[in-house]
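**Q** starting from these lines, generate the structure:
(2 chains)
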Amino acid sequence: MTFARNLAIAVALGVAAYLLSISLSPFDNLRLASMAYYFVALAGLTVLTGLSGQISLGHGALMAVGAYTSAILISRDGWALVPALVAATVVTALVGVLVGVVSARLRGPYLAGATLAFAVGLPGLADKYPHAFGGENGLTVNPPIAPTSLGANFPLERWEAWIACGCALVTFVVLAGLARGRVGRSLRALRDDDVAAQLAGVDVGRLRVLAFVVSAGCAGLAGAAFVAVTQIAAPGAFQLALSLSLLTGIVLGGLGSLWGALWGAAALVLLPSWSDDIAHSLSLSGDVQANLPLAIYGVVLIGVIMAAPTGLQGLVRRLSHVVRGRLFKPEEESA
Amino acid sequence: MARFVDLTLNGVSNGMIYAAVALSLVLIWRATRIVNFAQGGMLMITTFIASSVIGSSGSYWLGFAVALASGLVLGAVVERLLIRRVADGPALNAVIVALGLLVLLQALAGMIWGGTPRSFEPAFSIRGYFIGGRHVLFGPMDSFTVLAVLGVAVLLWLLFQRTSIGLQMRASAFAPAVARLQGVRVGNMLTLGWALAALCGSLAGLLVAPAVFVGPNNFDPILVFGFTAAVIGGLDSPVGGVIGGLVLGLVLSYVAGYWGSAMVNLSALFVLIAVLMVRPEGLFATRAARRI
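**A** Below is the predicted model of the structure:
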C-alpha cells in the first residue's frame, strides 16, 4: 500500500519533471539537473541526520567517491551509464560501511569532527595519486548520448536533466519506502532514545551503520549523476564547502523529510543564482558586487533558521494547516 | 637528526596556534554546547582589523591590542544577537547559524578589504635561532607564539579555577537552572564565555597571520585543524585542547616533512580516528558514562 502510494507520487513527480524539462531553456535544464542530483544527496543525508540523528560533515567526500568511481569506469573501462551509476552507488555504500563502522560509537561533535576530517582529507588523494585520479584537473568523461529514438537533435541538457531526475525518482521511491517501514521506525526510535530502542530489541550498532550505508549510497549516486551532468570529477568540486552546503540544505529544507530535501535542493541551486542576479542588477563597486551573493546567502541562512526553526518544510506544513483550518473548520475558527 | 629537531620545533609552534583555536572552541562548547564554526570568520575579521590599525598607526602592539579587544566585543555581540535566539532550538540550527555567520563575515571582509590576501608583518623576527652552527626552524616569533598561547591558557585556568567569576561561569555551563537560583546572571556568563573564546581566537589569528597572510578564506584550515585538535583533546577539556593542538601540530609537521604536503589533511583524519577509536570522547574526556 505504502509502496503503491510512493510509486504514485514518484510518477506524478516524474511527469512534472518531464513537463518542466521540455518547456525549460537548456540553461534551466542544467539547473533542474543539478537540483535533481542535490536532491539525491540531500535525501540520503536527511535519512542519516534526520532519522537516525547522526551528523555528517563528510558527505561531499562520499559524493567524490561516487563521482570518481563512475568517471573511472566510464572513461577508462568504457562502461555504459546505467551500470556505472549502479557501481558508483555500490562502491560508495561500501565506503559507507567503513565510515559507519568507525563512527558508530561517536556522538554529536565528535562525529562531526571525524566526518569533517574525512571531508578535508579525502580530496588530498587526488593530488597524491595523479595517475589514478588526474590530480588537480581531475578526470573528464564524454557527455552521455541520448538514445537515437528521441530524435537526432534532442538537446543534451534535457537528456542530462532526465538522467539526474531518473536518479532522484529512484532514490525517492527507495527512501520513502525505507522511512515509512520497519527500518525507518527503528531509526526514529534510535534517534529519540537509543537506550529505549535497544531495550525494545533494536540492534543499535547495526542500525547506525545501516543508516550510514544507505546515505553513503545516495551520496555516491549523486556524485555519479554529477559526473553525468558536468562531465568532470575534480577535487575542487568536492571541498569542505560542498559537505557544509549539503548539511545546510537539509536543515534549510526541513530535517528528516524527503520533501525537505526537495526544498533544500531547490534552495542550494536557486539561492546562489538569484543572489547573483540581484548583485548584478545593482551598480556597485567591484569588491562589493563580487561578495554580495555570499553575503545574501549568509543572511538568508541565518534568517531562515531564525524565522523557521523547522525549515521550509515546517513552514509549508504550518501553512497547509492554516489553509485546511480555514477550508474545513470555519466555525471553530470563529468560535 | 637536525631535520627531526626542526620538524619537532616547527610542530610545537604550529601546534600552539591550533591549541589557541581549540581553546576558543572548547570555551564555547563548555558554555553553550555549540561548535562555533564561525570562529574562523571571527578571527579573520579581527586580524583584518589589526592589519588596518597597524597600517595606519605603524604600531604593531596597538593593532594587537585593538584586535584582541575587538575579538572580545565581536564574541559578545554574536552571542547576544544570534546565538541566544537559537541556543534552545535543535542543536543543528545553531551550527547552521554559525555557518551562515561564517559566510557573511567572509563576504563582508571581501567587500571591505578585497579578496587579495595581504601580508602581515610579524612582531618578532621569524629567522631561526643560531644554535649548533646553523639556524634552527624556530625563532623569536615562535617563542612569542608559544609563550602567548601558554600565557593565555594559564590566565584562563586561573580565571576559571581561582575567581568568583570563573566559578559562576562554570556553574552556568554545568547547571544553568541551579546557578540562576543561586543568583548567578547566567546570560551574562554565557556572553562572557563567548567574548573570552573570541579573544583566544583573535590571538590565534594574529599569531598565524604572518604565515598564511590575511584574506577572507585564509584562516579556514586553521579552524579545521583547531576543531580537530579540540576533538582529539576532548571538547570539554581546555587542557585537552592544548594537548590536542600540540599532538596535531607535531604529527602534521612530521607528515609534511617526511611524506609530502598532499597527505597532511589525510593524516589529520588518521590521528583523529586513531584517538577516537580508543577514546570516543577525546583524550581528556571527563564523563565516565553517557547520559541515559
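
**Q** for A:Arg5, pull up the helix or strand it's in.
**A** Here A:Arg5 sits within helix A:2-23, counting by DSSP states H and E.

**Q** contacting residues around that helix?
**A** Helix A:2-23 is contacted from outside by A:29, A:32, A:36, A:158, A:161-162, A:165, A:168-169, A:172-173, A:176-177, A:180-181, using Cβ atoms under 8 Å, 6 or more residues apart in numbering or on different chains. Just so you know, the C-beta spots here come from the backbone N, C-alpha and C atoms, and that holds for glycine as well.

**Q** same question for stretch B:164-171.
**A** So stretch B:164-171 is in contact with B:31, B:158-160, B:178-179, B:182, B:184-185, B:189, B:192-193, going by Cβ under 8 Å, 6+ apart.

**Q** can you give the distance of that stretch from its chain's centre?
**A** A distance of 21 Å separates the centroid of the chain from that of stretch B:164-171, by Cα atoms, centre = their mean, to the nearest Å.

**Q** send the alpha carbons of it over as CSV?
**A** Backbone C-alpha positions of stretch B:164-171 (Å, rounded to 0.1, in the frame of the first residue of the first chain) are rendered in CSV as follows:
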residue,chain,number,x,y,z
SER,B,164,34.3,34.1,41.7
ILE,B,165,33.5,35.0,38.1
GLY,B,166,35.1,31.7,36.9
LEU,B,167,33.1,29.7,39.4
GLN,B,168,29.9,31.4,38.2
MET,B,169,30.8,30.7,34.6
ARG,B,170,31.4,27.0,35.4
ALA,B,171,28.1,26.8,37.3
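
**Q** could you identify the helix or strand that succeeds the strand or helix carrying A:Asp287?
**A** Mapping A:Asp287 onto the secondary structure by DSSP H and E places it in helix A:286-307. Scanning the chain past helix A:286-307 towards its C-terminal end, the next helix or strand to appear is helix A:311-328 (assignment: DSSP H and E).

**Q** what's the average pLDDT for the helix holding A:Asp287?
**A** Predicted confidence along helix A:286-307 averages 87 (mean pLDDT).

**Q** for the stretch 101-250 of chain A, what spans make up the strands?
**A** Taking DSSP state E, counting those that start in this stretch to define them, one finds strands in the stretch 101-250 of chain A at A:139-140, A:232-233.

**Q** now the helix holding A:Arg5: buried residues?
**A** By 16 or more other Cβ atoms under 10 Å in any protein chain shown, the buried positions in helix A:2-23 come out as A:6, A:10, A:13-14, A:17, A:21.

**Q** do stretch A:298-310 as well
**A** Buried residues in stretch A:298-310, counting neighbours by 16+ other Cβ under 10 Å, are found at A:298-302, A:304-305, A:308-310.

**Q** identify, from those residues, the entry nearest to B:Gly41.
**A** B:Gly41 lies nearest to A:Gly298 out of these, by Cβ to Cβ, at 9.3 Å.

**Q** ok, and the closest non-adjacent residue to that closest one?
**A** On the basis of Cβ to Cβ, 6 or more residues apart in numbering or on different chains, the spatially nearest residue to A:Gly298 that is not a chain neighbour turns out to be B:Leu104, at 3.0 Å.

**Q** state the distance from that neighbour to B:Gly41.
**A** Going from B:Leu104 to B:Gly41 by Cβ to Cβ, to the nearest Å gives 8 Å.

**Q** the two - which one has more neighbours?
**A** When B:Leu104 is set against B:Gly41 and neighbours are counted by other Cβ atoms under 10 Å in any protein chain shown, the residue ahead is B:Gly41, at 30 against 22.

**Q** check whether A:Val90 really touches A:Gly217, as I assumed.
**A** Yes - counting by Cβ atoms under 8 Å, A:Val90 does reach A:Gly217; the two are 7.3 Å apart.

**Q** of those two, who's got more company?
**A** A:Gly217 (25 against 14).

**Q** ok, now which ones touch that one?
**A** By Cβ under 8 Å, 6+ apart, the contact list for A:Gly217 reads A:44, A:89-90, A:92-93, A:96.

**Q** host element of the residue nearest to it when sequence neighbours are not counted?
**A** Across the structure, with Cβ to Cβ, 6+ apart as the measure, the residue nearest A:Gly217 apart from its sequence neighbours is A:Ala93 (3.7 Å). For A:Ala93, the host element (DSSP H and E) is helix A:81-103.

**Q** got a list of contacts for that helix?
**A** Residues outside helix A:81-103 that contact it (Cβ under 8 Å, 6+ apart): A:54, A:58, A:62, A:65-67, A:69-70, A:73-74, A:79, A:111, A:114-115, A:118, A:144, A:163, A:167, A:208-221, A:223-225, A:228, B:273, B:277.

**Q** among these, which ones are buried?
**A** Buried members of the contacts of helix A:81-103, counted by 16+ other Cβ under 10 Å: A:54, A:58, A:62, A:65-67, A:69-70, A:73-74, A:79, A:111, A:114-115, A:118, A:144, A:163, A:167, A:208-221, A:223-225, A:228, B:273.

**Q** in stretch A:78-91, which residues are buried?
**A** Buried residues in stretch A:78-91, counted by 16+ other Cβ under 10 Å: A:79, A:81, A:84-85, A:87-89, A:91.

**Q** ditto for stretch B:61-69
**A** Neighbour counts over stretch B:61-69 (16+ other Cβ under 10 Å) mark B:63-64, B:66-68 as buried.
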